[in-house]
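K.L.:
sequence unknown, structure follows:
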């Protein structure tokens, strides 16, 4: 337990280093004509933006838990697309098109217009095969990047079960999620400000999740190495020992 607490504290301390590594090592110029890689890099940019928001919300951990799901989904999609951007991006366009079609049908039923022009323009690149859902993207990414025998422990699969699914309790009105807002008391309970139980674990898990994205970026773009990333994760611990 003590060792785990030390690891959590270390991950929280080094959030700024991870952000700096992203800014220094991940390309900001989109490759001309490569829409798949451009989209993937935008996924990682969104993940970086959300990661910094989570770090700044340490005193509102339940809202940070809901944002973790956004961070995770963008990191997983980035890792899945970068397996083969030319094949996977058109599949993702099909997935998005189908989701927007659901939106369009709903708006039409309410009497609203929905042009969807940007979706129609994407048809030229769209695959007939739809991208898998988040769960399967995570499994595919985990299997693929693990096979490369890189010195890195991937968390795509573990984080889906342990975190992405679990933190859904804080997104939806569930007994498990709302229990945090009920403090037991004689004869009932006090309802109000939630109890604080995670003790920075959400920020630490967000660091590991974002690090998975940085590890993929380092391999694909060669501007940061896994050694640099590992150095960010254990920087102060190395100096303390």
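P.N.:
Sure thing, it's come through. All values derive from a computational prediction rather than experimental measurement. Numbers count the residues shown, from 1 in each chain.
K.L.:
can you map out the helices along the protein?
P.N.:
2-13, 15-25, 35-55, 61-81, 85-109, 117-121, 134-147, 156-159, 175-178, 201-221, 226-240 (DSSP state H).
K.L.:
in CSV, list these along with mean pLDDT, mean neighbour count and distance to residue 166.
P.N.:
C-beta here means a position set from N, CA and C on the backbone, and glycine is covered the same way. Listed next are the helices of the chain as CSV, based on pLDDT from 0 to 100; neighbours: other Cβ atoms under 10 Å; distance: least, Cβ to Cβ, whole Å:
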stretch, mean pLDDT, mean neighbour count, distance to residue 166
helix 2-13, 63, 14, 17
helix 15-25, 90, 17, 21
helix 35-55, 95, 20, 16
helix 61-81, 96, 23, 8
helix 85-109, 81, 15, 24
helix 117-121, 59, 11, 33
helix 134-147, 96, 18, 14
helix 156-159, 94, 20, 10
helix 175-178, 89, 13, 9
helix 201-221, 92, 23, 10
helix 226-240, 63, 14, 23
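K.L.:
nearest to residue 128, out of those?
P.N.:
helix 85-109 (7.0 Å; Cβ to Cβ).
K.L.:
what's near enough to touch the most centrally placed residue in the chain?
P.N.:
Centroid-nearest residue in the chain, with Cα atoms, centre = their mean: residue 72, separated by 1.9 Å. Contact analysis of residue 72 by Cβ atoms under 8 Å, 6 or more residues apart in numbering lists 159, 160, 163, 164, 209.
K.L.:
what about 10 Å?
P.N.:
Going by Cβ atoms under 10 Å, 6 or more residues apart in numbering, residue 72 touches 47, 50, 134, 138, 155-156, 159-160, 163-164, 167, 205-206, 209-210, 212-213.
K.L.:
again, but for residue 92
P.N.:
Going by Cβ under 10 Å, 6+ apart, the list of residues near residue 92 reads 36, 39-40, 43, 77, 80-81, 85, 126-127, 130-132, 137.
K.L.:
repeat that for 8 Å
P.N.:
39, 77, 81, 131.
K.L.:
redo the residues you listed as CSV? Include distance to residue 150.
P.N.:
Shown next, in CSV, are those (distance: Cβ to Cβ, whole Å):
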residue, distance to residue 150
39, 23
77, 20
81, 18
131, 24
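K.L.:
list just the one of the helices of the chain that sits closest to residue 184.
P.N.:
helix 175-178 (13.8 Å).
K.L.:
any residues touching the closest one, and which ones?
P.N.:
62, 169, 170, 171.
K.L.:
most neighbours among those, which one?
P.N.:
residue 170 (22 neighbours; other Cβ atoms under 10 Å).
K.L.:
distance check, the closest residue in space to residue 233 that isn't next to it in sequence against residue 210.
P.N.:
Taking Cβ to Cβ, 6 or more residues apart in numbering, and ignoring the residues beside it in sequence, residue 233 has residue 14 as its nearest neighbour in space, at 6.0 Å. Distance from residue 14 to residue 210, counting by Cβ to Cβ, to the nearest Å: 11 Å.
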